[in-house]
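Chemist: When you get a sec, could you give me coordinates for this:
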Amino acid sequence: MLLENEKIRLRAVEPEDLELLYRWENNPELWMVGNARSPYSRYMLKQYILDSEKDIYENRQLRLMITIKGSNETIGTVDLFDFDIHNSRVALGLFIEQKFQRNGFAREALHLVEEYVFDFLKINQLYVEIAEENIPSMRMFEEENFEKNGLLKNWIKTMNNFQNIVVFQLFRNIYCQSKNEVT
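Modeler: As a prediction, the model looks like this:
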């Protein structure tokens with residue numbers, strides 16, 4: 001089934017996710033990996049959840065919640081954003097709550113997203129921007145056939161300095177080739 005495997009399920013955002021999103025979105029430690037610089041109100045997040053009923057073509061973005069099958073515990077999010085249908089590309093953000101990291105859930109979610117983007121949406125390119133200091137994420141994307149294709153110097157302002165961002169891309173033809181090699 002699309003958007004699930006034996007371990008996890010990617011599902012739409014539900015009203016019941018409000019408190020979890022409120023906690024994650026208002027954690028200043030996570031702001032450096034995204035573009036947030038100030039807290040979100042519950043009202044703003046409720047509006048976001050209501051707007052998420054629109055599809056990726058209308059919103060140009062899509063957030064999916066990552067849940068563990070069996071327990072239905074929500075452990076993170078997948079964000080597809082900057083959806084550009086004309087140029088056939090979409091950006092990816094992937095978040096796993098710290099206590100669930102290093103269990104392979106990010107890789108599982110990535111595989112499901114790749115299937116959705118390349119096989120279902122038929123998009124040409126999936127790309128991700130990763131802080132140069134985030135070695136585990138960069139290693140995972142490299143191992144998953146993403147090409148390291150750019151460096152954005154001093155791209156993110158941190159508390160004390162600036163940080164470089166590394167751009168990784170995966171193209172549909174590379175994804176299809178690697179998928180055929182596995183089967």
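Chemist: Skipping adjacent residues, who's closest to L80 in space?
Modeler: Excluding its sequence neighbours, the residue lying closest to L80 (CB to CB, 6 or more residues apart in numbering) is L62, at 4.5 Å. For glycine as for every other residue, the C-beta is placed from the backbone atoms N, C-alpha and C.
Chemist: again, but for H111
Modeler: H111 sits nearest to N5 (CB to CB, 6+ apart), 7.2 Å away.
Chemist: residues in contact with that neighbour?
Modeler: Shown in contact with N5 (CB atoms under 8 Å, 6 or more residues apart in numbering): E108, H111, L112.
Chemist: try 10 Å this time
Modeler: Neighbouring residues of N5 by CB atoms under 10 Å, 6 or more residues apart in numbering: K69, E108, A109, H111, L112, E115.
Chemist: G70 too?
Modeler: Counting by CB under 10 Å, 6+ apart, G70 touches E6, K7, I8, R9.
Chemist: List only those of these flagged as buried.
Modeler: By neighbour count, with 16 or more other CB atoms under 10 Å, the contacts of G70 hold I8, R9 as buried.
Chemist: so can I have TSV of the contacts of G70 showing pLDDT and distance to F141?
Modeler: TSV is the format used below for the contacts of G70 (pLDDT from 0 to 100; distance: CB to CB, whole Å):
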residue	pLDDT	distance to F141
E6	95	22
K7	96	19
I8	98	18
R9	97	22
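Chemist: Thanks a lot, catch you later.
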